[in-house]
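Student: Need coordinates for the following:
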Amino acid sequence: MGTEVIPRQSPGEAQGVRPIAAFDFDGTLTVRDSFMDFLRWRAGPLRFAVGMARLGPSALAYAGHRDRGRLKARAVREFLKGEEGEALAASCEAYAAAAWPRMMRPDALKTWQDWKDRGAVMTIVTASPETLIEPFARRLGADVLLGTRLAFDEAGRVEGAFAGENCRALEKVVRLRERFGPDVRLAAAYGDTSGDAEMLQIAEVKGYRAFSGRPEG
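Tutor: Sure, this is the predicted structure:
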């Protein structure tokens, strides 16, 4: 398990520039994967079971290609294709309200607040869909949210695909560079899987599996 460390002063602070603190979402700020939990919550037990059965061949294929983005896109097609954007956003808002008390790690929230109090640019970098994480980001007071983008058609309905790459591994650094510039350096980055390794490499504080707290109850 990594060690959660916050230096007294980061290089950015010393130069009068706001430091950037980047947090993975699932498994880092939360105790479980939010995307699958949301699909289960939204679909209900029977529809979720049927949908997962239909995803069986895609899950078997994953053992060969190991492309998480492809498998996730298949889940989007199965459970969300054709959903109107506004209705989906409303579902995500309701899910965030219901899930927050049982999802968020208290020690991760403390570290988040510590960096926020120091004036850092609070950034979430996640493989989960931005639409899903937006309500959580607002509750956290995040400055920047970088996540996997869902594709919508001209009528504002979910197409069942991504607009761009799955925001994981090197793509996390690509997105950070798009937002903050090609020479971006992070005061801190926190993550819990190999999909966060590249982001951690460009951070002064490398918080790998730094949090283990669980919400009460």
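Student: alpha carbons only for contacts and neighbour counts from here, please
Tutor: Fine.
Student: tell me what the longest helix seen in the chain is packed against?
Tutor: For the chain, the helix that runs over the most residues, judged by DSSP state H, is helix 85-103. With contacts defined as 3 or more CA pairs under 8 Å, 6 or more residues apart in numbering; DSSP states H and E, the secondary structure elements packing on helix 85-103 are helix 34-43, helix 130-140.
Student: Would you mind listing the buried residues in it?
Tutor: Neighbour counts over helix 85-103 (16 or more other CA atoms under 10 Å) mark 85, 88-89, 91-93, 95-96, 99, 103 as buried.
Student: ok, now stretch 178-198?
Tutor: Buried residues in stretch 178-198, counted by 16+ other CA under 10 Å: 185-192, 195-198.
Student: try stretch 39-58
Tutor: For stretch 39-58, the buried set under the neighbour-count rule, 16+ other CA under 10 Å, comprises 39-40, 42-43, 48, 51-52, 55, 58.
Student: Residue 131: which of those is nearest?
Tutor: residue 39 (13.0 Å; CA to CA).
Student: distance of residue 138 from residue 196?
Tutor: In this structure, residue 138 and residue 196 are 22 Å apart, going by CA to CA, to the nearest Å.
Student: Revised request: answer the last question for residue 35.
Tutor: Note on residue 35: its distance to residue 196, by CA to CA, is 17 Å.
Student: Can you check the pLDDT for residue 21?
Tutor: At residue 21, the predicted lDDT confidence score is 98.
Student: Please disregard the earlier target; I meant residue 73.
Tutor: Per the predicted model, pLDDT is 88 at residue 73.
Student: next one: the one 5 residues further on
Tutor: At residue 78, the pLDDT value in this model is 94.
Student: That one: how many residues sit nearby?
Tutor: The number of residues packed around residue 78, counting by other CA atoms under 10 Å, is 17.
Student: can you give me the mean pLDDT across the helix or strand hosting residue 178?
Tutor: If you go by DSSP states H and E, residue 178 is part of helix 170-180. Averaged over helix 170-180, pLDDT sits at 97.
Student: for stretch 204-217, same thing?
Tutor: pLDDT averaged over stretch 204-217 gives 94.
Student: How far off centre is it?
Tutor: On the basis of CA atoms, centre = their mean, to the nearest Å, stretch 204-217 is displaced by 15 Å from the centre of the chain it belongs to.
Student: try stretch 25-36
Tutor: For stretch 25-36, the distance between its averaged C-alpha position and the chain's averaged C-alpha position is 7 Å (CA atoms, centre = their mean).
Student: Do a quick rundown of the strands in this structure.
Tutor: For the chain, applying DSSP state E gives strands covering 20-23, 121-129, 144-148, 150-152, 158-162, 186-191, 203-208.
Student: now the closest residue to residue 116 other than its chain neighbours: how far from residue 102?
Tutor: Nearest residue to residue 116 in three dimensions, chain neighbours excluded: residue 122, at 6.4 Å (CA to CA, 6 or more residues apart in numbering). Separation of residue 122 from residue 102 (CA to CA) stands at 22 Å.
Student: Please apply the same query to residue 24.
Tutor: 18 Å.
Student: Looks like residue 35 contacts residue 128 (just checking).
Tutor: Yes. With contacts defined as CA atoms under 8 Å, residue 35 counts as touching residue 128 at a distance of 6.1 Å.
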